[in-house]
Every structure is written in C-alpha cells, then in structure tokens.
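Q: got a sequence here, can you build the structure:
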Amino acid sequence: MKGKKSISELGKWLDERILFYLSAFLLFFIPLYPKWPLIEILPGYIVRIRLEDFLVAFVLLIWLIQVVRKKINFFNNPLLLPIGFYLLIGFFSILSALFITKTIPFQLIHIGKTFLHYLRRIEYLSLFFVFYTTIKDLKQVKKMIIILSFTLIILSFYGFGQKYLGWPVYSTMNREFAKGWRLILTEYARVPATFAGHYDLAAYLAFFLIIFLSFVLFLKRGIQKLFFFGVFLLAFLLLILTASRTSFIAYLLGTSVAVYFLSLRVEKKIIWGLSRWFAVVTFSLLVMFNFGDLSERFANFFKLNLLKNYFFGYLIGEKIFGIKEENLKYITLNQDLKLVYSRSDAPPEVLKEDHEQKRKLPADVYEDIPDYISTPSSTATLAGELALVKNKQEDKEATMTGTAVPRRYSETAFVVGLSSAIRFDALWPMAIKGFLRNPLLGSGYATLNKLQLSDFTEAESTDNDYLRALGETGLLGFLTFYGIIFFILRIAISSLKKIKSQFFYAFTVGVIGGIITLLINATYIDVFEASKVAFSFWAMVGILLAFLKLQTKKSDD
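A: Below is the predicted model:
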C-alpha cells in the first residue's frame with residue numbers, strides 16, 4: 001500500500017510541476033543550443049526545422065493536455081484577445097495575398113513557405129501562454145531568473161571561447177551556412193555565440209542586460225547583488241564583442257528608461273537617478289572604448305577617422321576610439337566565413353593577389369570582390385578558407401561558373417556604407433512596395449524580397465521590423481502586433497505602484513526597459529522574427545504577466 005501511495009504522490013507532484021520544469025528547460029536550452037538543422041522543410045529554403053521546434057511542440061502538447069483536463073485556465077489571460085486578433089489578421093493577410101493581390105503564387109511551395117512563417121509566429125507566441133499559465137507562485141519567478149542568470153553566464157563564456165579560443169560557430173547568415181557548417185571566427189569577425197548572427201545575439205543581450213542592471217542598481221548590498229553584477233558584466237562584455245551599434249544604443253536608451261522608473265521609488269529621485277545614470281553610461285562608454293571593436297565601428301560610421309587630419313583629431317580618432325590605419329580591416333561574419341559559393345549568398349573571397357590599382361570602395365567594404373555573370377563556357381574554381389574548418393570538409397573547394405566583372409555599388413553605399421545602403425536601396429523600398437499593394441493587409445508573409453511575383457526567395461529579411469510588419473500584414477497587422485507590445489508595457493507600468501518587493505519591482509522595470517531595447521533594435525533588424533530572441537521575449541512576457549497577476553491577487557487578499 002505504501003508503495004502504491006508513494007507512486008501516486010509522485011505522479012501528483014509531477015503532474016503539478018512538469019510544465020514548470022519543462023518551461024524552465026526551454027528558457028535555458030533555446031538560447032544555448034547551436035543552430036544545428038535537422039530537417040529541410042522546403043527544398044533550398046534557409047529556414048529549417050531544429051531540435052527546439054520539437055521540444056516546443058512537446059511542451060505545447062503537455063500544455064494542451066493540461067488545458068483539456070482543466071488544470072489550466074486558458075481563457076483567463078490578458079493577451080488572449082490581442083494575440084487572437086493579430087493571428088486572425090495574419091490569416092486574412094494570407095488569403096488576401098492568394099486571392100486579391102496574388103503576391104503568393106498558387107503553388108504548393110509558395111503557399112507552404114507563407115504558412116511556414118505564419119506557423120513560426122504562432123510557435124513564438126505560444127511560449128507566452130505556456131509560461132503565463134505555468135507560474136503559480138513568486139518562488140517560481142525567482143527560480144526562472146536564476147536559470148536565466150546561468151544561461152547568460154554559459155552563453156557569455158561560449159562567446160568568449162569563439163573569439164579567443166577558436167570554438168565553433170554555426171551561423172544561418174546565408175543558405176550554405178544554414179546547412180550546419182562548422183566555422184571558426186578570425187580576428188576581426190563579430191561574435192554570434194549560439195545565435196544565427198551577431199545582430200540577433202546583441203538584441204538578446206541588450207534585452208536581458210537591462211533586467212540584471214536593474215537588480216544591480218536597486219537591490220541592497222550583498223551576495224545577490226554581487227552575483228547579478230557578475231552576470232551583467234559578462235553579458236555586457238559579450239555585447240561589446242558583437243560590435244552591434246544599434247543594440248549598444250538600444251542598451252543605453254533602455255538603461256535610461258529603467259533608471260527613470262527605479263528612481264521613482266527612492267528619496268531624492270533626481271539626484272539618485274542622475275548619479276546612477278551617469279555612472280552606468282560612463283562605465284559603459286569606458287568599456288566600449290577600451291574593449292573590442294565597437295568603438296571603431298562608431299568612429300567609422302560618424303566618419304571620425306577623418307578627424308585625424310585636423311586639430312585634436314589624433315586624440316579623438318586614435319587615443320579615444322582606437323582608429324589606426326592597420327585596424328581598419330574590420331569585416332563582418334558574412335565576409336569572414338565564406339566557404340562555398342552560391343548565387344544567393346555572399347560571394348567568397350578571391351584568394352589571389354591583386355596587383356592592379358584598387359578601386360574606391362564603400363567604407364565598410366574591405367575586399368574588392370568581383371561579381372560573376374554566368375556563361376556556358378567559363379568556369380572558375382576558388383578554394384574556400386579551409387583553415388577555418390575542422391571537419392571532413394577541409395579538403396573541399398567551392399566552385400562556381402561565370403565571368404568575373406567589377407562589382408557595382410550605389411551612391412548610397414559610398415555615403416552610409418554598404419550595410420545601410422542595402423536597407424535604403426533595396427530592402428526597405430521593397431517592404432514599402434508590399435505595403436502599398438494592400439495598405440490594410442499587406443502582401444503576405446515572406447513576399448517582400450521578390451523581384452518578380454513568381455520568384456521563390458530562399459531567405460526573408462527586411463532589416464526593419466516595423467516596415468516588415470507593414471509590408472507583410474499591412475496597417476492592420478502592424479497595429480495588432482505592436483498593439484500587443486504596447487498593451488504589455490501599459491500593464492507593466494500601471495502595476496509598478498502596487499509592487500512592494502524591491503526584487504520584483506526591479507524585475508518589472510528591467511523588463512520594461514528591455515522591451516524598449518527591442519523596439520529600438522526593430523528599426524534595424526527583424527528582431528521579433530529572430531527565433532532565439534522571439535522565444536525568449538515571449539517567455540519573459542509570460543513570466544512578467546504571471547507575476548503581476550499573482551501580485552494583484554496578493555494585494556486583493
């Protein structure tokens with residue numbers, strides 16, 4: 001009898017806690033697991049099924065079983081209707097693209113790609129419902145934050161290992177890398193850690209840095225404060241190694257928002273807020289100037305290297321920003337890790353000396369890589385940078401067919417750099433064009449990068465999440481999606497006065513500031529479509545709103 005009773009008690013204990021432990025595992029696992037593909041769901045398409053997709057599906061299955069058993073109240077949820085409206089608009093956008101604007105050809109592969117992106121958004125949003133219904137008490141919120149702390153610590157050390165110890169990189173920055181190539185960074189490449197690229201990692205770090213900074217600034221002195229400072233410092237150093245200017249600016253602005261709200265709960269609000277803000281910003285700038293290559297990217301963007309020819313130019317250009325002629329060979333991961341050629345990917349570096357006079361190139365282009373025009377008779381073979389690979393691909397060469405011609409750059413590229421010019425000249429105008437096709441519902445998911453409506457694009461990117469939302473789902477999709485985020489901010493800000501605990505007040509303020517960093521990052525990358533960022537964001541929103549629900553219930557009692 002005792003044996004049966006113990007088994008029954010164990011089953012009851014597991015039944016009550018299994019979703020919490022599975023959710024905590026997802027919060028830990030998703031950011032740390034490399035971008036290893038498992039299944040190519042569409043032929044030649046860059047988006048592939050990965051292990052985390054199966055894990056999320058498994059957790060959702062358990063969650064749905066609990067909903068059916070009425071162990072979870074699915075309908076008692078503040079975001080149910082906002083998210084439902086957004087998904088409904090997204091579905092109508094697909095129907096409009098199929099039957100009205102006809103921007104999605106009536107072929108299985110095109111329809112499949114569009115629904116793949118629609119289902120991915122459902123997958124990201126689903127974690128909000130899982131985490132919101134999983135959190136049952138305040139101790140579980142603290143446990144989630146501790147798990148998140150160790151996630152950031154491990155992620156930071158792995159990023160440092162990539163930068164300084166040659167640890168492997170698995171990127172999805174183009175179609176070939178997305179197949180699972182094992183790569184190694186060279187000296188000037190930006191660190192992506194386990195993320196698809198350095199921009200995604202930087203956005204993730206900026207979001208969580210504000211949370212831990214709020215703990216550091218607001219909690220009393222002690223081991224807890226010291227621990228959170230260690231987490232913050234490691235993650236901040238990794239942010240610098242990503243060399244992402246947008247995320248660094250977003251971090252500073254998110255910090256400003258967090259310090260403002262924190263100062264509302266202390267005496268001498270203005271003095272406390274200004275002193276902390278000045279200390280954090282000064283510390284952040286000093287680290288940025290003296291560690292990594294981020295300061296050099298800012299200097300090149302603002303053309304501060306030109307000051308070296310003028311008064312105080314040496315001090316500003318070289319002593320503060322560290323600009324030296326031999327250091328201007330900064331290259332991106334996409335340029336640095338070229339191994340194979342594909343016409344949809346960045347071309348590989350030409351491994352031969354060019355004794356001809358160099359052409360004038362945009363400021364962020366450091367190799368005069370030719371373009372290739374296909375011809376029936378011409379064949380060129382280029383060796384990849386095989387020293388970067390430590391697997392069986394070491395002896396392979398990348399081949400391509402075509403005649404080399406000088407690559408052309410727009411005037412915009414010479415003014416603002418190639419990276420920004422791609423956005424200004426191509427990606428953003430195409431998104432606007434998609435919006436104008438149907439201002440209410442857009443042109444449908446995964447339709448913005450086509451030159452012709454019949455084209456099958458192998459990757460989707462607008463590098464501006466606001467324009468992407470307008471282009472794909474129109475004004476209705478834009479308003480319903482960002483309406484969700486501003487509704488979250490409204491709930492969080494309006495609840496601050498009710499929170500008595502210093503720990504949870506700092507946590508809530510940190511999430512508010514973190515959301516601001518994502519909204520700023522959304523101006524330059526598709527941050528809410530970056531899987532690791534999106535999963536983690538909606539999970540944290542679920543934790544935050546679950547805490548606020550518990551806080552309100554506690555206040556009512």
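Q: in the chain, where is pLDDT below threshold?
A: Applying pLDDT under 70 to the chain flags the ranges 1-5, 291-421, 553-557.
Q: spatially central residue for it, please.
A: By C-alpha atoms, centre = their mean, the chain has its centre lying nearest to Asp200, at 2.8 Å.
Q: residue contacts, it?
A: Pro192, Ile525, Val527, Ala530, Lys532, Val533 (C-beta atoms under 8 Å, 6 or more residues apart in numbering). C-beta coordinates here come from the backbone N, C-alpha and C atoms, glycine included.
Q: secondary structure element holding it?
A: Assigned by DSSP states H and E, Asp200 falls within helix 198-218.
Q: centre of the chain versus that helix, how much separation?
A: 12 Å (C-alpha atoms, centre = their mean, to the nearest Å).
Q: how many residues are close by the closest residue to Tyr158 other than its chain neighbours?
A: With sequence-adjacent residues excluded and distances taken as C-beta to C-beta, 6 or more residues apart in numbering, Tyr158 is closest to Ala193, at 5.4 Å. Ala193: 28 surrounding residues under other C-beta atoms under 10 Å.
Q: same check, this time on Gly474
A: 25.
Q: where does the residue lying closest to it once chain neighbours are set aside land in three-state SS?
A: Distances taken as C-beta to C-beta, 6+ apart place Gly442 nearest to Gly474, at 3.7 Å, with adjacent residues excluded. Here Gly442 is recorded as coil under DSSP: H, G, I helix; E, B strand; the rest coil.
Q: thought Gly442 was touching Leu470?
A: Yes - using C-beta atoms under 8 Å, Gly442 makes contact with Leu470 at a distance of 6.6 Å.
Q: residues in contact with stretch 443-459?
A: Contacts of stretch 443-459 (C-beta under 8 Å, 6+ apart): 44-47, 90, 93-94, 96-98, 101-105, 109-110, 113-118, 174-175, 344, 427, 430-431, 433-435, 437, 460-462, 468, 471-473.
Q: can you select the buried ones from those residues in ChimeraX?
A: To isolate the buried ones among those in ChimeraX, judged by 16 or more other C-beta atoms under 10 Å, type:
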select :45,46,47,90,93,94,96,97,98,101,103,104,105,110,113,114,116,117,118,174,175,427,430,431,434,435,437,460,461,462,468,471,472,473
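Q: and the contacts of stretch 443-459, which of them are in helices?
A: Members of the contacts of stretch 443-459 lying in helices (criterion: DSSP state H): 90, 93-94, 96-98, 109-110, 113-118, 430-431, 433-435, 437, 468, 471-473.
Q: is it true that the residue nearest to Tyr158 touches Leu152?
A: No - Ala193 lies out of contact with Leu152 (C-beta under 8 Å); the separation is 10.5 Å.
Q: mutual contacts of Gly442 and Leu470, please.
A: Common neighbours of Gly442 and Leu470 (C-beta under 8 Å, 6+ apart) are Gly434, Phe435, Gly477.
Q: and the second one, what is it in contact with?
A: Put plainly, it is Phe435. Per C-beta under 8 Å, 6+ apart, neighbours of Phe435: Gly442, Ser443, Leu467, Leu470, Gly471, Gly474, Leu475.
Q: neighbour-wise, which one of those residues leads?
A: So for those (other C-beta under 10 Å), the most neighbours sit at Gly442, 33 neighbours.
Q: let me see the contact set for it.
A: With C-beta under 8 Å, 6+ apart, Gly442 has these contacts: Ser93, Ser96, Ala97, Gly434, Phe435, Leu470, Gly471, Glu472, Thr473, Gly474, Gly477.
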